[in-house]
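1. only geometry, no sequence info:
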Ligand SMILES: Nc1ncnc2c1ncn2[C@@H]1O[C@H](COP(=O)(O)OP(=O)(O)OP(=O)(O)O)[C@@H](O)[C@H]1O
């Protein structure tokens, strides 16, 4: 299994810095005083119990919701100072239930992802075709999005988020770009789960920083380079998955007794 090789790649340029960040929704303080650094080339899993604030955090670090307290630096610049138009070149977000209000054709949705990029129609067509192939949606390009299955739709919106960030020249690096994914594999079958994980590893090895919310620890931990567990209004573990996932951290996170199995390759599996 090919894990993201962030450690070897030395693509450790700081991309996003969170200093003393609070996340508050309604009257609830979800997260308090978060201090984190996300680097180029990392594939980071973000996990925690329902309602702990994972999606809320993603919207804040994606610049889609205001910061309640603290500082967020994106490529060294205050995130709040970067306009959404400029930000679209550097970060893309796939929401948990990504959808469109109208019955767009899939190809139109993918074209829209690159509306801020100056490129020839041929180039755009080529890049969309390549990503469609990689995420197994080529056969869906002429379909109405509203007629797709949940898993098919999820692969389309994941492709859309990635297309937003891909450079015109495929040889250019993805360092400096951030992909935020909220449970992108929740509707996928086993083949497509594996395919998506492999593609995400490949993108992170090209320098893309990926932060992926997931409840499927056993799916993501063999592939990600880092696992962050949120609980108790903060980050209770931030390490390689084999170090972050322990009986103790899982009990603090999920308030139940879970078991951890390790294989000879040090992959870790969580069981009930
Ligand atoms: N606009 C809002 N007003 C009030 N409460 C909110 C608002 N948005 C989110 N919440 C609450 O904040 C908490 C965190 O929500 P969030 O969606 O960030 O959780 P999550 O960790 O992503 O959960 P899940 O694993 O279920 O997707 C939840 O209890 C939710 O009900």
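-> Sure, I can see it. Computed from a predicted structure; not experimentally measured.
2. can you pull out the strands in the chain?
-> 14-25, 28-39, 43-48, 69-74, 77-78, 91-94, 178-182, 209-213, 226-231, 234-239, 259-262, 268-271 (DSSP state E).
3. Okay, angle between the third one and strand 209-213 too, please.
-> Following axes from the mean of the first three to the mean of the last three CA atoms, to 10 degrees, one obtains 20 degrees for the angle between strand 43-48 and strand 209-213.
4. so what strands line up beside strand 43-48?
-> strand 209-213 (parallel), strand 226-231 (parallel) (DSSP bridges).
5. report the angle between the axes of that strand and strand 178-182?
-> 30 degrees.
6. Strand 43-48 versus strand 234-239: what angle between them?
-> Using the same axes, to 10 degrees: strand 43-48 against strand 234-239 is 140 degrees.
7. which residues sit against strand 43-48?
-> Contact with strand 43-48 is made by 4, 6, 38, 54, 57-58, 200-201, 204, 209-215, 217, 220-221, 223-231, 241, 253, as judged by CB atoms under 8 Å, 6 or more residues apart in numbering. Where C-beta positions appear, they are placed from N, C-alpha and C, glycine not excepted.
8. contacts with the ligand among these, please.
-> Applying CB under 6 Å from any ligand atom, the subset of the contacts of strand 43-48 adjacent to the ligand comprises residue 54.
9. Pull out the buried residues from the contacts of strand 43-48.
-> 4, 6, 38, 54, 57-58, 200-201, 204, 209-214, 217, 220-221, 223-231, 241, 253 (16 or more other CB atoms under 10 Å).
10. ok, what's across the strand from the spatially closest residue to residue 235 that is not a sequence neighbour?
-> Spatially, and ignoring its direct neighbours in sequence, residue 235 is nearest to residue 228 (5.7 Å; CB to CB, 6 or more residues apart in numbering). Residue 228 has these beta-bridge partners by DSSP bridges: residue 46, residue 238.
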